[in-house]
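Trainee: Dropping a prediction and its sequence here:
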Amino acid sequence: MVPLIDLSRRLKANADAFAVATQQVLDSGTVLLGSQTDQFEKLFASFAGAKYGIAVSSGASALQLSLAALGIGPGDEVIVPAMTAVPTASAVCAVGARPVIVDIDDETAGLDLDFAEQAMTERTQAVIAVHLYGRPVDNLDKLTKLGVKVVEDCAQSHGATKGLTGSIGAYSFYPTKNLGGIGDGGMVVTDDPDVAERLSRLRVHGQSEQYVHIEVSQNHRMSEIEAAWLNIVLTQLEIGNQRRRDIVNRYQLANPNIRWQATHSNHVYHLAVALTANRDDFRQAMLKHDISTGIHYPLALTQQPALQQFVSHACPVAEKWASECVSLPCFPELTDGEVDDVCAVLVEIDQ
Ligand SMILES: Cc1ncc(COP(=O)(O)O)c(C=O)c1O
């Protein structure tokens, strides 16, 4: 079977280095917010092209704290794209603000900047731009010029953007991501020293010094073991992203008649996504040749039961995308033989 993703390959390949790093953590006696986390924050912020990196416990925490650190809360509206993982919208709810769901661009599946602008009201404080499947959303400066804060949801786009166009960037290190952790993890990146200082507080219960809490928050810490693992796999990220590009390039060459998510020179292909009106047939054809596929995502945010109270704009493009998208195997450890197998089936698909 060609898997959609097989994490055991990456885990096994790094097991020896991780055993050494784990022993160092145990010897240090510090299991939270120690030298591994410090090192990872510096290395990853530099990789992302930002001045400061604040490691947190998940991508959801990174988004929630990004919004909180920018001062967004009850009474505020935050615009989010209709095609994304649900945590993009739930982070807005977590700070007490209202997500305003808008439609996406049909070619890129990214936020449609015109729809975002049309949805702005006097309550709009921020827009979350999701670099979906690893494809960067361009021209975000158009939104910042309108006076709103732009939060970049980089959960799927490690390496696709260098430096921030928006106000702040939120990353996830969920194990399947391009930079995948050994458990949950996330990071907020910013160039603003005051925002960075506030974030360091917000991740530890709003504490400014031991037992002094100057604002209310919760625990969003990353563990030292997690940071130790991430320090190891960070060194392989660029090569992994290039391998993902090569894989998708081969798929697209195998069958250029298939409708693929629009390309971009900085795309890092967290997912290789095609669109097909006959998705069941497409997936069956793959399955017949032992190739796994996935759907990211089967529902647009406007179709999620939990978000119905926030649906105020029709999102037909995102809903059509949700009904047609299919994800193909795409991860750095995929073998050339497995890529050949996928290409052999793609060639036969008649679109
Ligand atoms: C676009 C997007 N935003 C946010 C998240 C939340 O990240 P995490 O699962 O690390 O909380 C994810 C991952 O599921 C995601 O894909």
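Mentor: Structure's in. What do you need? All of these numbers come straight from a predicted model, not from anything done at the bench. Residues are numbered from 1 along each chain as shown.

Trainee: packing partners for the longest strand seen in the chain?
Mentor: For the chain, the longest strand by residue count, based on DSSP state E, is strand 124-130. Counting contacts by 3 or more C-beta pairs under 8 Å, 6 or more residues apart in numbering; DSSP states H and E, strand 124-130 is packed against strand 77-81, helix 87-94, strand 149-153. Placement of C-beta: from N, CA and C, glycine included.

Trainee: The protein against the ligand: which residues are in contact?
Mentor: Proximity of the chain to the ligand (C-beta under 6 Å from any ligand atom) is limited to residues 58-60, 63, 84-85, 87-88, 130, 153, 155-156, 172, 174, 184, 186.

Trainee: quick one: the helices in this structure?
Mentor: Ranges of helices in the chain, per DSSP state H, are 7-13, 15-28, 35-48, 59-69, 87-94, 113-118, 141-144, 193-202, 224-234, 237-254, 279-288, 316-324, 336-348.

Trainee: care to break this protein down by domain?
Mentor: Domain assignment for the chain by automatic domain parsing gives 7-234, 237-348.

Trainee: for stretch 294-307, how far is the first residue from the last?
Mentor: With C-alpha to C-alpha, to the nearest Å as the measure, stretch 294-307 spans 23 Å from end to end.

Trainee: gap between it and the chain center?
Mentor: Relative to its chain's centre, stretch 294-307 lies at 16 Å (C-alpha atoms, centre = their mean, to the nearest Å).

Trainee: Which positions in that stretch come out as buried?
Mentor: In terms of neighbour count (16 or more other C-beta atoms under 10 Å), stretch 294-307 has its buried residues at 294, 296, 297, 299, 300, 301, 302, 303, 304, 307.

Trainee: ok, back up a step: residue 1 is nearest to which of the domains of the chain?
Mentor: Evaluated over those, closeness to residue 1 peaks at domain 237-348, with 4.7 Å, by C-beta to C-beta.

Trainee: hang on, the earlier thing: so which of the residues of the chain next to the ligand comes closest to residue 251?
Mentor: Of the residues of the chain next to the ligand, the one sitting nearest to residue 251 (C-beta to C-beta) turns out to be residue 156, at 17.9 Å.
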